[in-house]
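[1] Pasting the sequence and the predicted model now:
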Amino acid sequence: MGLGEIFSSAFRSIASNLTRAALTLLGVLIGVGSVILLVGVGSGASASVTSRIEGLGTNIITVSSGMSRYGNAGGGSGSGSTSAQSLTMASANALQKSDAAPDVAQVVPQVSTSTTVAYGSQSTSTQVLGVTPNYFTVTDTKLAQGTAFQTIDNTLARNTAVIGADLAQTLFGSGDNAVGKTITVDSTPFTVYGVMAEKDTTGGSSVNEDVIVPIARAQRSLTGYGNLSSLTLQAKSTQAVNNAAAEATDIIAGQMGIQPANATFTVTTQSELLSTTSSVTSSLTTMLAAIAAISLVVGGIGVTNIMLVTVSERTREIGIRKALGAPRWVISLQFVIEATILSTVGGLLGVGTAFALSSMTIAGIKPVITLGSVVLAFGVSVAIGIIFGGYPAIRASSLKPVEALRHE
């Protein structure tokens, strides 16, 4: 019996019970499709978050409360008190005026608070950021309508605001120009100067719902003149980021009267944030793939089940073929081929289904199908046919001709 005849016999056996074969294919399809699609979701989330971080610029540095990674930048451990020190406008001014920070190009002090924003009968709770005008250039924030507020607006503490795209939609509705209108922020009126272009929200918060106002006005009307929420720094170049971070640590610690090793603030670069995010999303992708792989194993069990049933139904046929001299390897190979055909076709259908569904948005994320996940999932589905079809094949080839012929 040649290989062609073995394949022909395997196809005939599958075609003789299409319903059972279709259900087996469905199990493999779901398993393969789930692995590819969920890995795609993880990859999509990673790509989106990476894009957002890189969109801020690779030369951006954030300073916030907490122990500094660059604590030893200035050398020495010191013993200064660290319990009551926080970021203030004095910290920002020290950086802006110091000649000891040649690699720091710009400094953006920030304060923030959550409050109610209203226009007419529409109101919502959101975050208000108080910043200096250079915030828009440092963070590369684009405007869809109007303009950003200027230095004179901050100097005079004018009631001007730039709002996020989603907030504009909430307050003013679609197609309604918000520029020039007056909104109420925690009972204080602000004139809308501009509306920011919509930003991707995947993987974290964005400014789409925020109100951005001059920091002088925010401190006067909303937050008070206490501590800053953070500082956003722009290094002069990507290559100067680490030097700028070290310089910022030394200067801010000096302004606070503490040693850099005892810094009560964190200096974080975009590369660090990108590395951390990549690690988290990689772990998430692995977890999703592991969960999906369970359904692929279940599909393999389904292949084993149908092949065991097939062996049971064709016991007499196996006995006749063995009585006519068919060797064990031919009997075994036929059942392995049947199982492999089922898992291969199911795998191909699973790949096609995953590509079809990848055009959809899942949990706010557009999946990114990777070649590696396709090859791995399809390869595993073929291996499942060989491995999970192996036991039924061995069982079929081990049947004794006399006992097989007596089988009813």
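    Yes, it's here.

[2] mind checking pLDDT for T160?
    The score at T160 is 96. That number is its pLDDT.

[3] so what's it closest to, chain neighbours aside?
    Leaving aside its sequence neighbours, T160 sits nearest to F149 (Cβ to Cβ, 6 or more residues apart in numbering; 4.4 Å). Just so you know, the C-beta spots here come from the backbone N, C-alpha and C atoms, and that holds for glycine as well.

[4] Contacts only, for G302.
    Each residue near G302 by Cβ atoms under 8 Å, 6 or more residues apart in numbering is listed here: L23, T24, G27, V28.

[5] which of the residues you listed has the most neighbours?
    V28 (30 neighbours; other Cβ atoms under 10 Å).

[6] nearest spatial neighbour of that one, skipping sequence neighbours?
    G346 (2.8 Å).

[7] same question, A253
    P260 (4.5 Å).

[8] Look at the one you found and say how many residues are nearby.
    Neighbour tally, P260, other Cβ under 10 Å: 24.

[9] if I look at it, how far off is A246?
    9 Å (Cβ to Cβ, to the nearest Å).

[10] same check, this time on V351
    50 Å.

[11] wait, the residue nearest to V28 sits on S295?
    No - between G346 and S295 there is no contact under Cβ atoms under 8 Å: 11.8 Å.

[12] so what's in contact with these two at the same time?
    G27.

[13] When these two are compared, which one has more neighbours?
    G346 (31 against 19).

[14] what's the helix or strand for that one?
    For G346, the element it lies in under DSSP states H and E is helix 328-357.

[15] Equivalent analysis for V108, please.
    Short version, using DSSP H and E: V108 is in strand 104-119.

[16] what's the model's confidence in that strand, averaged?
    Mean predicted lDDT for strand 104-119 stands at 93.

[17] mind listing what's buried in it?
    V104, A105, Q106, V107, V108, P109, Q110, V111, S112, T115, V117, Y119 (16 or more other Cβ atoms under 10 Å).

[18] Would you mind checking which of those residues is nearest to A218?
    V111 (5.4 Å; Cβ to Cβ).

[19] Could you measure from that closest one over to A90?
    Between V111 and A90 the computed distance is 14 Å (Cβ to Cβ).

[20] Switch the contacts of G302 over to a markdown table; also include pLDDT and secondary structure.
    Shown next, in a markdown table, are the contacts of G302 (pLDDT from 0 to 100; DSSP: H, G, I helix; E, B strand; the rest coil):
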| residue | pLDDT | secondary structure |
| --- | --- | --- |
| L23 | 81 | helix |
| T24 | 81 | helix |
| G27 | 83 | helix |
| V28 | 84 | helix |
